[in-house]
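Novice: Kindly return the folded structure for what I paste below:
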Amino acid sequence: MKDEKKLRVYKDLPLLELTMRKMEKPTNNYDEVLRKFCISIGLLQPGDSRDIIVSLLKIFLKARKHKKLVPTDVINKLLKERKGGTPPNIRRQLRRLKEIGFIEKKEKGYRLREFMSLNELLETHFEPFILKPTYERIKLYGKKLDELSEKN
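Specialist: Residues are numbered from 1 along each chain as shown. Model (predicted):
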């Protein structure tokens, strides 16, 4: 009985969690737009006061403009003063940005993937490798439910 319960819990673990939110149209306030972008793609929760991920993305966007890598020690130094800017939290947020394909680690630091714009990243990585496969899997569940409901 105990082993059966473990199997069930393991079997229900998602392969990927994806949150998307439709926000109002963007304003001309850079910080507000950046924050709402992060909320839109699930990197940040609405009302979340620990927005270290927004600060990280801001650093990467600034470095992209000059085609520069961002060394880890620079990230830690810039975020040390921030609420939630602890090394473990910074590493976790960097990992999240890597998992969705927005940043990549190079020998001497991090950068936005190939110094692409956010729109390019959404179109070339996020949409085809994260959004589309997730949507296709959900459709597969819908199709299977339709089949099974015909039998029941």
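Novice: Quick check: residue 104 is in a strand.
Specialist: Yes: Residue 104: assigned to a strand according to DSSP: H, G, I helix; E, B strand; the rest coil.
Novice: Tell me, please, the helix or strand in this structure that averages the lowest pLDDT.
Specialist: helix 2-11 (a mean of 59; mean pLDDT, DSSP states H and E).
Novice: the longest helix in this structure is where?
Specialist: Determined from DSSP state H, the single longest helix within the chain is helix 132-151.
Novice: that older thread, put the alpha carbons of the next helix or strand after the least confident helix or strand of the chain into PDB.
Specialist: Helices and strands here follow DSSP states H and E; after helix 2-11, the next one along the chain is helix 30-40. Coordinates of each C-alpha in helix 30-40 appear next as PDB, following Å, rounded to 0.1, in the frame of the first residue of the first chain:
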ATOM      1  CA  TYR A  30      10.300  50.500 -18.400                       C
ATOM      2  CA  ASP A  31      10.300  49.000 -14.900                       C
ATOM      3  CA  GLU A  32       6.500  48.400 -15.000                       C
ATOM      4  CA  VAL A  33       6.700  46.800 -18.400                       C
ATOM      5  CA  LEU A  34       9.600  44.600 -17.400                       C
ATOM      6  CA  ARG A  35       7.800  43.500 -14.300                       C
ATOM      7  CA  LYS A  36       4.500  42.800 -16.100                       C
ATOM      8  CA  PHE A  37       6.500  40.900 -18.800                       C
ATOM      9  CA  CYS A  38       7.800  38.600 -16.000                       C
ATOM     10  CA  ILE A  39       4.300  38.200 -14.500                       C
ATOM     11  CA  SER A  40       3.000  37.500 -18.000                       C
END
